[in-house]
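In: No sequence on hand, only this structure:
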DNA sequence: TTGTACGCGTTATCAC
DNA sequence: GTGATAACGCGTACAA
């Protein structure tokens, strides 16, 4: 079944059928009705490839997760929430989503090549791209609009992105600990290659500075967002006797809690803890976790909307969006 | 840049370039080299739409999650793990993934129509399709191969699927409780519309029967896989004084634990609990959760492999795969 | 081993 | 309002 077949059955020309399908004017109501009826009868759907060939538009955006396993394992709810947001917008705007999952280990040139040269998508959402990933170098090769979710560590002035205000969030977290009377506040930080980690560290320092508490490098442990790093980081920090921890993410926070418990100390009495993200488990753990909530689903929805507007020419140039975070007080900070 | 341009630069005809790109024989080594060089230089990538138009193959499979929100919210790790498996195979076999996310509420005819008529994928993976979803009725309209993840409640003899042996898993769970000396074993069951729930219930009954324990309908609470249903289900079951619970999923199990604690009872001393899935939180909760582990990532990998083999004609007819489950003993069953 | 010519199903342009 | 017809970029018999 193609346009020609429909045209024959409706006793019109192919062009008219095309006009009807694309809701173009200059078709008489009677003709339009007749054609529509045949289309319905035959459950006709135009050939996507043929259409793309001439219009050069796929009505499809690509979602790139360069280090998929990392994202999946460090925080289970992050990716589904992000996708829920992306899906919401693409559904509303009648786009499809193509998913590109990269391996966290073995940065793969083939993957990069596939993503950069694929002609199947009109634009790209790139989530959490580490600064040392090879895709970074090939960004200029990409001929379609790009929106990053999370601020890229480089080129952030020329690339569009949507993220949360990690600096303000970090500052809010540490402020809360300070207000609760804590003074030796340590920080389990994320990777240097990811701006989320860098920015939260900046927020940490800023809060200390504003409160007049001197910055002590011993109290900052550079690691990653994983539970394992939270655990080892905390083990290391214990010798410096902190009375509070700001962890770069909730998952790392839980690793830290475990290390504290194993040391025979209590949360929050001996050491208060605050995380970042507000993942699901934060409400179920013991103690429940005080944290900075970030609107992940909204990040996805906004990113997709901006990308599609960029594709369709309703928007131009690099777009930068910072979404707000929110302090969620539970038991682990001792202030509940 | 198209085949013609490359041909001109390489001083050959368009057909020869096409042959080189598709790795066809009957091209002299010298010519092949020359063409390859130009292709590399120009970073040429053939136009996907044009190619699809003539070959009628997209090299793309669609992943359909009809009730995305449900999947995302009831068990955060399920979907990423499934996707990791699907991604693994599609990457290895050089396919792309198109993602169709449906809304759990408001079963949407437009969504169904889009999925069934899209010509963008050569085959479909459908995950967790409830028996009352409208997509079920339109399954026959789909002209491409389909592989379901989780056994469909109807047509399971004519549709290919990959799932775990839920009956055996349920039986294993209840057996474990019986071996631990429990006798009044209740079951918080999943939806009737999803075969996972139905089959686990069958496994529950089978284990009781084999142990000579009479089946008591009061001890089965039909609900859903959510935490909320675990909680309300448990509240309801408490009046019948069970000494053990087999919950349809870990998330529901945690809801049950909460209800038990609120009733001033202890897990596992007063009531033992065993879940299903082995989600991440099961290792972090208090008490840690005994459960039946299912290999979700493998489910995805196998499903994609079967689908692609179906598409490429290496496999025929409905394919049915049952993956094994595994008992993971932790604290909540009292047998650790 | 290489080249020619046709067709895939659409949209876009132009004539009527 | 409507209908021919020329692209779009590729694969593929068939001819050379």
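Out: That came in fine, so what should we check first? Values in this document were obtained by computation on a predicted structure and should not be read as measured data. Residues are numbered from 1 along each chain as shown, chains lettered A, B, ... in the order given.

In: phi, psi of residue A:147?
Out: phi -130, psi 130 (degrees, to the nearest 10).

In: so it makes contact with residue A:125?
Out: Yes: at 5.6 Å, residue A:147 counts as touching residue A:125 under the criterion of Cβ atoms under 8 Å. All C-beta spots, glycine's among them, are computed from the backbone N, C-alpha and C.

In: For these two, list the residues in contact with both.
Out: Listed contacts common to residue A:147 and residue A:125 are A:303, A:304, A:307; contacts here mean Cβ atoms under 8 Å, 6 or more residues apart in numbering or on different chains.

In: mind putting those in TSV, distance to residue B:10 included?
Out: As requested, the shared contacts of residue A:147 and residue A:125 are arranged in TSV below (distance: Cβ to Cβ, whole Å):
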residue	distance to residue B:10
A:303	41
A:304	40
A:307	36
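
In: For residue A:23, what is the enclosing helix or strand?
Out: Under the criterion of DSSP states H and E, residue A:23 resides outside all helices and strands.

In: Residue A:95 versus that one, what's the distance?
Out: 18 Å (Cβ to Cβ, to the nearest Å).

In: Same check on residue A:294?
Out: For residue A:294 relative to residue A:95 (Cβ to Cβ), the value is 25 Å.

In: the more surrounded of these two?
Out: Neighbours were counted for residue A:294 and for residue A:95 using other Cβ atoms under 10 Å in any protein chain shown; residue A:294 has more, 24 against 21.

In: residue contacts, that one?
Out: By Cβ under 8 Å, 6+ apart, the neighbours of residue A:294 are A:164, A:169, A:276, A:277, A:278, A:323, A:325.

In: ok, of those, which one's closest to DNA strand C?
Out: Ranked by distance to DNA strand C (Cβ to the nearest atom of the strand), those are led by residue A:323 at 36.2 Å.

In: Check that closest one and give its pLDDT.
Out: On pLDDT, residue A:323 comes in at 98.

In: Quick check: closest non-adjacent residue to it.
Out: Nearest non-adjacent residue to residue A:323, counting by Cβ to Cβ, 6 or more residues apart in numbering or on different chains: residue A:164, 4.7 Å away.

In: right, and that neighbour touches residue A:321 too?
Out: No: using Cβ under 8 Å, residue A:164 makes no contact with residue A:321, being 9.5 Å away.

In: who has more neighbours, those two?
Out: residue A:164 (26 against 16).

In: mind listing what the more buried one touches?
Out: A:294, A:295, A:299, A:322, A:323, A:324, A:325.

In: Pull out the buried members of these.
Out: A:294, A:295, A:299, A:325 (16 or more other Cβ atoms under 10 Å in any protein chain shown).

In: hang on, the second one packs against residue A:321?
Out: Think residue A:295. No: between residue A:295 and residue A:321 there is no contact under Cβ under 8 Å: 11.3 Å.

In: can you give me the strands for chain A?
Out: A:60-65, A:96-101, A:123-127, A:146-149, A:160-164, A:185-189, A:220-222, A:244-247, A:272-277, A:290-293, A:320-323, A:326-328 (DSSP state E).

In: quick one: which of those is nearest DNA strand D?
Out: Per Cβ to the nearest atom of the strand, nearest to DNA strand D of those: strand A:60-65, 17.2 Å.

In: relative to strand A:123-127, how tilted is the closest one?
Out: Orientation of strand A:60-65 against strand A:123-127 (axes from the mean of the first three to the mean of the last three Cα atoms, to 10 degrees) gives an angle of 20 degrees.

In: quick one: is strand A:60-65 near chain B?
Out: Yes: legend: contact between strand A:60-65 and chain B by Cβ under 8 Å from any Cβ of the partner chain is shown at A:60, A:63.

In: hmm, stretch A:269-280 touching chain B?
Out: Yes: legend: contact between stretch A:269-280 and chain B by Cβ under 8 Å from any Cβ is shown at A:279, A:280.

In: swap in stretch A:115-130?
Out: Yes: using Cβ under 8 Å from any Cβ, stretch A:115-130 reaches chain B at A:117, A:118, A:119, A:120.

In: go on, stretch A:240-251?
Out: No: judged by Cβ under 8 Å from any Cβ, stretch A:240-251 and chain B are separated, with a smallest distance of 9.4 Å.

In: Pull the contacting residues for residue A:328.
Out: Applying Cβ under 8 Å, 6+ apart, the residues near residue A:328 are A:278, A:282, A:290, A:291, A:292, A:293.

In: Among these, which one sits closest to residue A:202?
Out: residue A:292 (14.1 Å; Cβ to Cβ).

In: what about the stretch 201-336 of chain A, any weak spots by pLDDT?
Out: Judged by pLDDT under 70, the stretch 201-336 of chain A has no weakly predicted residues.

In: So which residues on it come close to chain B?
Out: Checking the stretch 201-336 of chain A against chain B by Cβ under 8 Å from any Cβ, the hits are A:254, A:279, A:280, A:281, A:284, A:285, A:286.

In: Can you tell me which of the residues you listed are buried?
Out: A:254, A:279, A:280, A:281, A:284, A:285.

In: any idea which of the residues you listed is closest to residue B:188?
Out: residue A:284 (17.3 Å).

In: and whatever residue of the stretch 201-336 of chain A ends up closest to DNA strand D, how many neighbours?
Out: Using Cβ to the nearest atom of the strand, the closest approach of the stretch 201-336 of chain A to DNA strand D is made by residue A:311 at 18.4 Å. Using other Cβ under 10 Å, residue A:311 is surrounded by 21 other residues.

In: again with residue A:11
Out: 11.

In: Please report the distance of the residue lying closest to it once chain neighbours are set aside from residue A:12.
Out: Distance criterion Cβ to Cβ, 6+ apart; nearest residue to residue A:11, sequence neighbours excluded, is residue A:34 at 7.4 Å. Spatial separation of residue A:34 from residue A:12 under the definition Cβ to Cβ is 7 Å.

In: Out of the strands of chain A, which gets nearest to residue B:101?
Out: Once those are compared by Cβ to Cβ, strand A:96-101 is nearest, at 7.8 Å.

In: partners of the closest one in the sheet?
Out: strand A:60-65 (parallel), strand B:96-101 (antiparallel) (DSSP bridges).

In: any chance of those in JSON lines, plus mean pLDDT?
Out: Output for those, formatted as JSON lines (pLDDT from 0 to 100):
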{"stretch": "strand A:60-65", "mean pLDDT": "97"}
{"stretch": "strand B:96-101", "mean pLDDT": "96"}
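
In: so what's the residue most central in space within chain A up against?
Out: With distances taken as Cα atoms, centre = their mean, the residue of chain A nearest its centroid is residue A:149 (4.3 Å). Taking Cβ under 8 Å, 6+ apart, we find residue A:149 in contact with A:82, A:125, A:126, A:127, A:128, A:161, A:162, A:163, A:299, A:300, A:303.

In: partner residues bridging residue A:147?
Out: If you apply DSSP bridges, the partners that residue A:147 bridges to are residue A:125, residue A:160.

In: Quick one: neighbours of it, just the number.
Out: 27.

In: Check the one 5 residues further on too.
Out: Burial of residue A:152, expressed as a neighbour count using other Cβ under 10 Å, amounts to 23.

In: ok now do it, which residues does it touch?
Out: By Cβ under 8 Å, 6+ apart, the neighbours of residue A:152 are A:129, A:131, A:136, A:159, A:161, A:195.

In: Same question for residue A:198.
Out: A:153, A:190, A:192.
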